[in-house]
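*Asks:* make a model of this:
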Amino acid sequence: MTRRSMALAVLIVLSLVGCTPSGPLGPAPVVEAGKAAQVVFIRASRGQGWARTIPVTIDGVEVYGLKNDQYVALKIPAGERIVGYVADDLVETIRPTVTLHTEPGQTYYVEMVLTPGGPQIFRLSERQAQPLMQEINDPIKSYMDCKKLGPNPTPQQRNLCR
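*Replies:* Residues are numbered from 1 along each chain as shown. The predicted structure follows:
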């Protein structure tokens, strides 16, 4: 393989993988005590886009980078929220979203799916979400539940809990 073709191959792979880091992407939404709902973003392994980390959005703000075969539970202010994710390819950026009318103390589930026909997002019932979550090999604990961090939180976790 020539040096030029190797460089081209590396560029192609990098463009397919994406550049979004996994984990928290910025400050967590501010949630008043007793007024929080929870949304669980599920990205079950489906093959398409397996190498990409996808930014999860709440009200248009990128808050978490989710890898394939993961889910994350995020606390959000109760009320009407637009949740979704950002799917980039070499041609365009697509932002599938769903509007949730949330109540304090309730949990809502959404599944993010990358298909050859384009990215999609689905609202799921708990009954639909639980089997998907059980299949996932790398569940991520809610990074916004500061009471459950334990005695030695990471610096990133400490920053989110300030």
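*Asks:* low pLDDT regions in the chain?
*Replies:* The chain contains residues with pLDDT under 70 at 1-21, 45-51, 137-162.
*Asks:* how about a cut-off of 80?
*Replies:* 1-30, 33, 45-52, 89-90, 115-117, 137-162 (pLDDT under 80).
*Asks:* just the helices in it please.
*Replies:* Taking DSSP state H to define them, one finds helices in the chain at 3-17, 126-135, 155-160.
*Asks:* can you list the neighbours in contact with the second one?
*Replies:* With CB atoms under 8 Å, 6 or more residues apart in numbering as the contact definition, helix 126-135 has outside contacts at V40, I42, A44, S45, Y71, T107, Y109, E111, L124, P139. Just so you know, the C-beta spots here come from the backbone N, C-alpha and C atoms, and that holds for glycine as well.
*Asks:* tell me the buried residues within these.
*Replies:* Among these, those classed as buried by 16 or more other CB atoms under 10 Å are V40, I42, A44, Y71, Y109, E111, L124.
*Asks:* could these go into CSV alongside distance to L100?
*Replies:* Listed next are the buried ones among the contacts of helix 126-135 as CSV, based on distance: CB to CB, whole Å:
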residue, distance to L100
V40, 11
I42, 14
A44, 19
Y71, 16
Y109, 10
E111, 13
L124, 11
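*Asks:* list just the nearest of those to E92.
*Replies:* E111 (21.8 Å; CB to CB).
*Asks:* end to end, how far does stretch 66-84 reach?
*Replies:* Stretch 66-84 has an end-to-end distance of 12 Å (CA to CA, to the nearest Å).
*Asks:* would you mark the buried spots in that stretch?
*Replies:* 66-78, 81, 83-84.
*Asks:* between these, which is closest to G34?
*Replies:* For those, the nearest to G34 is A78 (9.2 Å; CB to CB).
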